[in-house]
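Chemist: what shape does this take:
(2 chains)
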Amino acid sequence: MGIRVIRSGLLTTIQDLGRFGFQKDGVIVSGAMDQFAHRIANILVGNEESEGTLEMTLIGPTLVFEEDALIAICGGEFEASIDGHEVPLWRPILVKQGSVLTIGHCRAGCRAYLAVAGGFQLPKVMNSQSTYLLARIGGFQGRALEKGDVLLLREPGRNQDSLLFDKRRTALPFIVMSWGISFELRSYFYGAPKTIRVIRGAQFADFTRQSQEQFLTQLYKVTPQSNRMGYRLDGPSLERKQSTEMVSEAVTFGTVQVPAEGKPIVLMADRQTTGGYPKIAQVIAVDLPVLAQTKPGELIVFHDISFEEAQRLYLQREFELKQCKKAIISKMGG
Amino acid sequence: MLSYELIPLSENALVIKFGEQITPDIHERVRQVSTYFIEHHVEGIIEVVPAYTTVTVYYDPVRFAKNTNRKWHIEVLPFERICAVLKNILSSLEYADAPQGKEVVIPVCYGGEFGPDLEEVARRNQLTPEEVIDIHTNGHYLVYMIGFAPGFAYLGGMSEKIATPRKDSPRLHIPAGSVGIAGMQTGVYPIESPGGWQLIGRTPLQLFRPHHPQPSLLQTGDRVRFQAITKEEYKQIQEENNGDSRYS
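Modeler: Sure thing, here's the model as predicted:
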């Protein structure tokens, strides 16, 4: 039973919306890098948005389904096929027992999320299923998936089950639902350079006028030294007017820190809870998925907006997701 | 009463900033305010992170958005609304006593294989290894904040007589429980990690317990002392810990 891993992919881990409540203990939040794709994947299979999904990176895994399952894959444009037939992303798919799902290279973006109706049968550690690689806790045995691992599935809920049942009487290895997420909603990671909107950080004013201007107008390249912890950027070096020492304080997803050598670092899902470098900016929440889908070598440019606008955009996005969820639930019912 | 500022960190986090300098007054206020939010559930507040001079509050902006009719028509930003809530709470705490942190004694087996840099710390400070141990165990330390790694405490109060710069090249694997010195700081590595601290000993205590309701043994505001133990005592405590594996 469950899903057996035949090929693990580059870095495939279980992630949810993060481990909250323990940052005061120094426990990092973790969670999906692209929370938008993660949430949509869950919504498409009728799960809670916070349910754990499989996060894959650049090259996806190959999985054998040892039971019927309703799945959705959302995120970057990965090649995906079931028993040799190409399947679309951003749609619910009923996978029949015995089928093999192969997720290959990523043509655009760099991460995708596989949600399964009912969720993975994995214990929560500190209220979360997210994998915390450094401390080796959460997710699947605290580590990335490997060949031979078997992920057990939880029983889907009644609504999810009826959808499964209706489609079971087919001889095909899978069925793709006729509906999915519109291109407008899922095309956020195309284009180059990508514009990443920020609000000014607490120490923005400490930087020289020239550095402030460069940060907000010049191109920055995502370097290969970028991962789930942070994106190290290459571009104009940023200088402060005076190099006063700062005391450490909390940092969060999207905080842009500038260490002494002047190259900015954007903190991502596996960031530490606190940091002592000056904060030049904060990536706005609705653009974090765009950044999470940016891979090493790609170019970005920062553009600043007001905090007020950022928080309004945040609420607008939450409202859209709520509407999207309503629409999907009515599709499932009908 | 100490003044403070409320500064947005992101759309869902704000910083209560009590100042720029690490002082006992500010530390007390940080502890008082963070303890309040750890002990009281406030609708819409997700968690707080105390640090040297700040308490960062994570919140759910949707909870603080005004929801009229079917649209989320926001006349007032969620940030403004949570600030009003926080100002009320902070003023009600003005005359409250800050709860005392707990006292924690950390047993340490100094030197030998557990503290390969004890001799170097002694030599650099023109002391004997025994004198380094005496100074380290006689200190009274205060947990200013937890960060850097799960269960890692930033301790204040180490004697400058044993201050030692970091190693020139960091070690790749430092075992959990290692007690080290870096400049004017001392601390314990809660999980195995790379690091450049001078290692003077090791504790058999678990500073990070992922399955415990309070995963970090040390909390902001706790007072810490170190106590020298022998290798035999180290092993004994370790075995007792293993016997009680509920939280490991």
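
Chemist: could you point out the longest strand of chain B?
Modeler: The residue-count maximum for a strand in chain B (DSSP state E) belongs to strand B:103-110.

Chemist: report the strands that pair with the helix or strand bottoming out on mean pLDDT in chain B, each with its relative direction.
Modeler: In chain B, no helix or strand scores lower on mean pLDDT, DSSP states H and E than strand B:193-195, which sits at a mean of 85. Strand B:193-195 pairs in its sheet with strand B:171-174 (antiparallel), by DSSP bridges.

Chemist: report the buried residues of the partner strand.
Modeler: B:171, B:174 (16 or more other CB atoms under 10 Å in any protein chain shown). In this view, the C-beta of every residue, glycine as well, is placed from N, C-alpha and C.

Chemist: and the contacts of that strand?
Modeler: B:180, B:189, B:192-197, B:199 (CB atoms under 8 Å, 6 or more residues apart in numbering or on different chains).

Chemist: how about the strands of chain B, start to end?
Modeler: For chain B, applying DSSP E gives strands covering B:5-10, B:13-17, B:45-50, B:54-59, B:103-110, B:141-146, B:153-156, B:171-174, B:178-182, B:185-188, B:193-195, B:198-202, B:223-228.

Chemist: contact partners for A:Glu239?
Modeler: Counting by CB under 8 Å, 6+ apart, A:Glu239 touches A:207-208, A:210-211, A:262.

Chemist: ok, residue 205 - contacts?
Modeler: All of this refers to chain A. Contacts of A:Ala205 (CB under 8 Å, 6+ apart): none.

Chemist: that answer is for a different chain, and I need it for chain B
Modeler: Neighbouring residues of B:Leu205 by CB under 8 Å, 6+ apart: B:106-107, B:177, B:217, B:237, B:241.

Chemist: pick out the shakiest of the strands of chain B, pLDDT-wise.
Modeler: Mean pLDDT per stretch puts strand B:193-195 lowest among these, at a mean of 85.

Chemist: returning to what we had before: just the contacts of strand B:171-174 now: which is nearest A:Trp179?
Modeler: The nearest member of those to A:Trp179, counting by CB to CB, is B:Ser193 at 47.4 Å.

Chemist: what about the closest one, how many residues nearby?
Modeler: Applying other CB atoms under 10 Å in any protein chain shown, we find 19 residues neighbouring B:Ser193.

Chemist: for beta bridges, what are the partners of it?
Modeler: Beta-bridge pairing of B:Ser193 under DSSP bridges involves B:Ile174.

Chemist: output the below-cut-off pLDDT ranges for chain B.
Modeler: Segments of chain B classed as low confidence (criterion: pLDDT under 70) are B:1, B:66-74, B:243-248.

Chemist: and the residue nearest the centre of it?
Modeler: Nearest residue to the geometric centre of chain B (CA atoms, centre = their mean): B:Ile146, 2.2 Å.

Chemist: the closest residue to that one other than its chain neighbours: neighbour count?
Modeler: Nearest non-adjacent residue to B:Ile146, counting by CB to CB, 6 or more residues apart in numbering or on different chains: A:Gly26, 4.5 Å away. By the other CB under 10 Å criterion, the neighbourhood of A:Gly26 contains 28 residues.

Chemist: and if you look at the one 3 residues further on?
Modeler: Applying other CB under 10 Å, we find 23 other residues in the vicinity of A:Val29.

Chemist: ok, residue 229 - contacts?
Modeler: No chain was given, so I picked chain A. A:Met229 is in contact with A:267-272, counting by CB under 8 Å, 6+ apart.

Chemist: my bad, the chain I had in mind was chain B
Modeler: For B:Ile229, the contact set (CB under 8 Å, 6+ apart) comprises B:107-109, B:237.

Chemist: select from the residues you listed the one having the most neighbours.
Modeler: When neighbours are counted by other CB under 10 Å, B:Val108 leads these with 26 neighbours.

Chemist: quick check: that one touching B:Thr230?
Modeler: No - B:Val108 lies out of contact with B:Thr230 (CB atoms under 8 Å); the separation is 10.8 Å.
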